[in-house]
Each structure stands twice: as structure tokens, then as C-alpha cells.
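Engineer: When you get a sec, could you give me coordinates for this:
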Amino acid sequence: MGNQKATIENLVPSVKCDADVITVSMSRCLLTTLGYDYTSISINGNSSNLCNYVYEDHVNGTVFENIQTQLKEGFCGNNVTKNSSIYILSNNVHISPIQVGNIITKNPVSLNFNCTYDLTKQVSVNYTLHPISQTIYLPGVNGTGSYPLTMSAYKDPEYITQLQETDNVPIGELVYVSLNVLAVDGDLFALRTVQCVASGTDSRTGGVNLLAGGCKVDNSDIYVNVSENGVSLESRFSFSMFQFQDQTQLYLFCDVLLCDKTANCSRGPSTRSEVVVAALVLGGEIEEAP
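Structural biologist: Residues are numbered from 1 along each chain as shown. Next up is the predicted model:
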């Protein structure tokens, strides 16, 4: 900024509108210069771990603080306005001032942001009310940090239309499963799904392995395909729906871990403590194919 003194008017966040997540970025140096605590950044002042995950990024020698929100109405206070052609998501980033002792000399600041999506072109925006998904927390490499991991089931290979709680899935129909971790530096880390077991009950005991060692398990009766694993912050695989005798639902249990890209991300975990179990119940009932 040369010799000009920075003011609050200079604090304009950069907003990146992706198909499944919105990323808001701000200069750490500018925040500190203006007297604001970059570690206090949150979406809408929400103290939930899902809404205050901040991670740093380095661009041309400048450190930026990034925070993300999912494209879901109500997530961290998201507001959505939509019609048949436009989808607008709006919210704000809340930042507290730096406090020295018990002295506070500034008010917190809230910076509004929004993303507008043209639904006639951007078909991957999803605003279904009750998708089949679950969010848990994944520990970082070497036990540092904790990051939100979402496991979701989709109807299509583009991973656009999520299965709903009331959807009935015919036997033999393909189900597409995504595991995605947020607030992690994708240049340094990758998500690896080590094992996935399908069961007819809420226990993996007696279930069928779909993935083992990060690879599909060959089974002449069940189709399984791994399209992405251990190379990015998302793991994807698909399988053909099947049914256990006398059971009308299918439960998925997946062991996942966050790995360092500089290491061999294709290896299995060295200890059981490295993995976290994500579980998902496919909604509705399994039905016979017509």
C-alpha cells in the first residue's frame, strides 16, 4: 500500500465461488495491521468447529487466511435466495479485534459475502433439503488439528444429485460415494479411503468389503469402481446396489485418513489410530429392479 495508511475500507475479502464450496480469503498482514485477530475468523460468528476452520495459504510471499462454507442453506447461517434460474448464497465473516490484557479498543467486524450461480449453466449447485450425508472430524497428519469430513451418496457419475433420505434404490443401480475434507491445504495433503464395508445392519460385522487397502475388492456379484483416492482432498468410488437377506437398508462404513503428499499416500495406515470411521445409511429402502 506504499506510504498510505491501511484503513478498515481496505479490508475487502477475496471470495472464490466453486460448485460445492465457497472460500473467503484475507491477508494476515492486513488484519494484524488493522488490529484484528486472524485466529478468530469464523463464518457468521458461529463457534462450531465446522464454521471456524481457518487455514493459511501463501501467494507470492503473502500469507492469506482462508475459511470455507458449504453450499447448503442454513450451514453456518447461510442464507439462500433462489428461483428456477438463479441461486444466491450469502453470509458474513466475523473477526474479533486483537485484545491486549483486558483492554479492547475496537469493535468486531463482519464482512458480508455472496456467490451467485446461474442454474441454467452451473448444474452442480445442490440445494436439496435432506441429502444422505454425514460429517465427522478427521485428525490431521501426526495428530495435528481436526478437520470436517463429509461422506455423501449420489445418483449420478457427475456427483451432482445427492440421494435423499426417502429415495428407494433398486438392486443393481449404481451408487456414487464421495468423501471430502475441508479446510486442508490440498497442495500438501490428500484424503485416502483405506477400507469400506457394506452391511445390512448398523454394525460392520458380517458385512462385505467394497474397498480394502485403498483398492476395490474384486467380487463377481458386486460391481465396484474407484475413480479417485489418495490424490486430492476428495475420495470417490461407486458400487452396484445389493441387498442382505431380510434387510431393507444398506449401511456403509469407511476407514479414512489424511496423508502427507510428500510420503507414499498409496500405502495403508501404520496404526489403527491413524484412521477415522465414516458411516452412512442409504435412505429409503432397497427395492427390486423392474
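
Engineer: pLDDT averaged over stretch 227-246 - what is it?
Structural biologist: The average pLDDT within stretch 227-246 is 91.

Engineer: Pull up the distance across that stretch, start to finish.
Structural biologist: Chord length of stretch 227-246, first to last residue, is 31 Å (CA to CA, to the nearest Å).

Engineer: low-scoring stretches of this protein, by residue?
Structural biologist: 1-4, 19-20, 84-85, 118-135, 137, 139-146, 263-290 (pLDDT under 70).

Engineer: quick one, strands of the stretch 101-250 of the chain?
Structural biologist: Secondary structure of the stretch 101-250 of the chain (DSSP state E, counting those that start in this stretch): strands at 109-118, 133-139, 146-154, 169-170, 174-181, 189-199, 208-212, 215-216, 224-228, 234-240.

Engineer: most packed of those strands?
Structural biologist: strand 189-199 (a mean of 23; mean count of other CB atoms under 10 Å). Placement of C-beta: from N, CA and C, glycine included.

Engineer: Now do that one against strand 208-212, angle only.
Structural biologist: 170 degrees (axes from the mean of the first three to the mean of the last three CA atoms, to 10 degrees).

Engineer: Check which helices and strands strand 189-199 sits against.
Structural biologist: In this structure, strand 189-199 packs against strand 174-181, strand 208-212, strand 234-240, strand 251-260, with contacts taken as 3 or more CB pairs under 8 Å, 6 or more residues apart in numbering; DSSP states H and E.

Engineer: Now tabulate those in CSV and tack on distance to residue 45.
Structural biologist: Shown next, in CSV, are these (distance: least, CB to CB, whole Å):
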stretch, distance to residue 45
strand 174-181, 24
strand 208-212, 39
strand 234-240, 29
strand 251-260, 28
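
Engineer: Pop out the phi and psi values for residue 29.
Structural biologist: Note on residue 29: backbone dihedrals following degrees, to the nearest 10 are phi -60, psi -40.

Engineer: number of nearby residues for it?
Structural biologist: As a burial measure, residue 29 scores 13 neighbours (other CB atoms under 10 Å).

Engineer: Go ahead and confirm it touches residue 62.
Structural biologist: Yes: in this structure, residue 29 is within contact of residue 62 by CB atoms under 8 Å, at 6.9 Å.

Engineer: And the contacts of stretch 56-74?
Structural biologist: Outside of stretch 56-74, the residues within contact range by CB atoms under 8 Å, 6 or more residues apart in numbering are 14, 19-29, 31, 38, 41-43, 51-55, 75-76, 78-80, 89, 91, 93, 125-127, 129, 150, 182-183, 185.

Engineer: So which of those sit within strands?
Structural biologist: 14, 21-27, 42-43, 54-55, 79-80, 89, 91, 93, 150 (DSSP state E).
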